[in-house]
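Compute the structure for the input listed below.
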Amino acid sequence: MVEKKRLLVLILTCLLVSELFLPGEGWTQSFSDTGTFYFTGQHNARRTPIFREFMITGATSEGLTGEGLKVGPVRLHPFLGVAEVYTDNVFKTDTKRQSDFLTAIAPGIQALLPFGGGRHSVLLDYRAGQLLYHKFSGNNALAQDAQGHVSLNFPSGLTADFQGGHIEGFDPRGSEVDTQQPDITKWEVNSFLSQVAFSGPSAGISLKTSYLDLHYKNNGQAPRRDRTRLQASLSVSAKVTSATSALLGVIVTDYNYDKNNQLDNFGYGVFTGFELAQGRPLSGTFNIGYTVLNYDRAPLAQAPSSGLSKGAKQATSLYMQGNLHWNPTSRLNFNAFPFRTISQSVVFNTSNFIATGVNIQGSQLLTDRLDLSENFFYENDNFDGSRNDHRFRFRVGPGYRLVKWLGFRLNYIFEKRSSNEADFDFYSNTVMLSIQGIL
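Here you go, the predicted structure:
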């Protein structure tokens, strides 16, 4: 305990000295924790990324912030994060709560190659997160994410993005599909995504396609849950004002299971919405529509003895997806991501669930070095059985950039799940101190 107090005093002294004596002009861009720094249920890299924003938090088609290392025409950005985490409910249970410390090491490297006068680029990104628990080493996990992104921007208004990669991840305890088994459920995904869009003076059109191949690696989940997903959406836009466009589109999705064939399905939907141009205090997109999920086979009277699903009936749902950004001042910003989707579950005698919620992120720059960030997440998971969950997560804490390439972040995280099935209830308190360096 004495050593920890001495370390805290040393850190505070270094922060005070750097604030007084080290120049910090122009450092208005704060460090962002990558997804591998958050260990409370939101590491879900399987979700389709928003194009023009790279799948991993903190990276865009223009590359990570920082000067990097120039190797010919390529700019390299090596980075490393180390975090020490304490949680009072490591297994996310309502009873017999157990606490533990966790050390995380998250290295990575990104390479950016611009060409065509800077209009086009190739982006390669690899990052990993090694999670090491102090008492419950059975929770240890390694997450890896390798992605490649080609971005093409033509003067005519035509743009094209192509992204593919491989992810090795896991379902964290407390996530909507937590199987409550002794081991964390691990999986891997291969994916390819594309978008071709044309934006003219008064109208535009966009075609998006995606392919995801999902495989589970332990806990006997592979026969029930291994599957591929094909998805395509087509949308058209028309300018209503100089800063606002109206959207109208259609989307189709096809799921094919490796073994659990009773859950093969084909879905389709329509949506409308609006797009607000970038460069203004309020920008982003918002879509709302209706989706229908039709199963390829009629449900069986009795489930197969192998533990596979007996199938399900048609499911319908309101569809919603938003990506809104508000910058009331140059130092204050908010990002809101409302959503409503039908997702596959295949656990606890269910075939799908409707997820409705919102993710709100905010950041206030207090000085050129110091910022305060917060994140509020809420999701309702309504399963096609009788189960209904309400999930909350709140994160808040300061971040400090010691020098241009090195920063710290301290976070408090509260997470809670309330369910009509008591076995899924839990709450947890987590404190995380992370150190992040990027060139």
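
can you give me the offset of stretch 359-372 from its chain's centre?
In terms of C-alpha atoms, centre = their mean, to the nearest Å, the gap separating the centre of stretch 359-372 from the centre of its chain is 20 Å.

How far does it stretch from one end to the other?
Start and end residues of stretch 359-372 are separated by 17 Å (C-alpha to C-alpha, to the nearest Å).

which parts of it are buried?
Buried residues in stretch 359-372, defined by neighbour count with 16 or more other C-beta atoms under 10 Å: 359, 361-365, 368-371. All C-beta atoms are positioned from the backbone trio N, CA, C, and that covers glycine.

before we move on, what about stretch 334-350?
334-342, 344-347, 350.

go on, stretch 213-227?
213-216, 219, 221-222, 224-227.

Tell me the one among those residues nearest to residue 311.
Proximity of the buried residues of stretch 213-227 to residue 311 was ranked by C-beta to C-beta; the top entry is residue 224 with 12.8 Å.

Quick check: phi and psi on the closest one?
Note on residue 224: backbone dihedrals following degrees, to the nearest 10 are phi -80, psi -30.

so it touches residue 346, yeah?
Yes - between residue 224 and residue 346 there is a contact under C-beta atoms under 8 Å: 5.0 Å.

Next, show the common contact partners of those two.
Both residue 224 and residue 346 are contacted by 260, 309, under the criterion C-beta atoms under 8 Å, 6 or more residues apart in numbering.

all helices of the protein, in order?
Assigned by DSSP state H, the chain shows helices spanning 2-21, 222-225.

Go through the ones you listed and find the least confident stretch.
Among these, helix 2-21 carries the lowest mean pLDDT, at a mean of 48.

can you count the residues close to residue 140?
12 (other C-beta atoms under 10 Å).

Please apply the same query to the one 5 residues further on.
Residue 145 is flanked by 23 other residues according to other C-beta under 10 Å.

Okay, and the beta partners of it?
residue 127, residue 167 (DSSP bridges).

mind listing which of the buried residues of stretch 359-372 are in strands?
359, 361-365, 370-371 (DSSP state E).

right, and the pair among the residues you listed with maximum separation?
Longest span within these, C-beta to C-beta: 359 and 370, 24.2 Å.

rewinding a little: want to throw the buried residues of stretch 334-350 into a markdown table with pLDDT?
Listed next are the buried residues of stretch 334-350 as a markdown table, based on pLDDT from 0 to 100:
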| residue | pLDDT |
| --- | --- |
| 334 | 95 |
| 335 | 94 |
| 336 | 95 |
| 337 | 93 |
| 338 | 96 |
| 339 | 94 |
| 340 | 95 |
| 341 | 91 |
| 342 | 89 |
| 344 | 83 |
| 345 | 84 |
| 346 | 81 |
| 347 | 79 |
| 350 | 84 |
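
Out of those, which is nearest to residue 108?
Looking across the buried residues of stretch 334-350 and measuring by C-beta to C-beta, the closest to residue 108 is residue 335, at 22.4 Å.

ok, the closest residue to that closest one other than its chain neighbours to residue 308 distance?
Spatial nearest neighbour of residue 335, chain neighbours left out: residue 361 (4.5 Å); criterion: C-beta to C-beta, 6 or more residues apart in numbering. Separation of residue 361 from residue 308 (C-beta to C-beta, to the nearest Å): 39 Å.

And residue 138, by the same measure?
28 Å.

Comparing those two, which residue is more hemmed in?
Per other C-beta under 10 Å, whichever of residue 138 and residue 308 has more neighbours is residue 308, with 18 against 10.

tell me the contacts of the more buried one?
With C-beta under 8 Å, 6+ apart, residue 308 has these contacts: 223-224, 259-262.

from what I can see residue 296 touches residue 267, true?
No - between residue 296 and residue 267 there is no contact under C-beta under 8 Å: 11.2 Å.

out of those two, which sits in the more crowded spot?
Shown here are residue 296 and residue 267; by other C-beta under 10 Å, residue 267 has more neighbours (22 against 15).

Who does the more buried one form a beta bridge with?
residue 253, residue 293.

Check residue 138 and give its pLDDT.
For residue 138, the predicted pLDDT is 84.

Any stretches of this protein with poor pLDDT?
For the chain, the stretches flagged by pLDDT under 70 are 1-66.

Please report how far residue 248 lies from residue 133.
The value you get for residue 248 to residue 133, if C-beta to C-beta is used, is 49 Å.

quick one, which of these two is more surrounded?
A direct count of neighbours by other C-beta under 10 Å for residue 248 and residue 133 places residue 133 higher, at 19 against 15.

can you pull the buried residues of stretch 234-254?
235, 237, 239, 245, 247, 249, 251, 253.

who touches residue 281 in this structure?
326-328.

Save those residues as CSV, and put in distance to residue 94 and neighbour count too.
Formatted as CSV, the contacts of residue 281 follow (distance: C-beta to C-beta, whole Å; neighbours: other C-beta atoms under 10 Å):
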residue, distance to residue 94, neighbour count
326, 37, 15
327, 40, 15
328, 40, 10
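
With distance to residue 431 added, can I get these in JSON lines?
Converted to JSON lines, the contacts of residue 281 look like this (distance: C-beta to C-beta, whole Å):
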{"residue": "326", "distance to residue 431": "29"}
{"residue": "327", "distance to residue 431": "29"}
{"residue": "328", "distance to residue 431": "30"}
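
hang on, the earlier thing: hmm, which two among the buried residues of stretch 213-227 are most spread apart?
Top of the distance list for these (C-beta to C-beta): 213 and 219, 19.1 Å.
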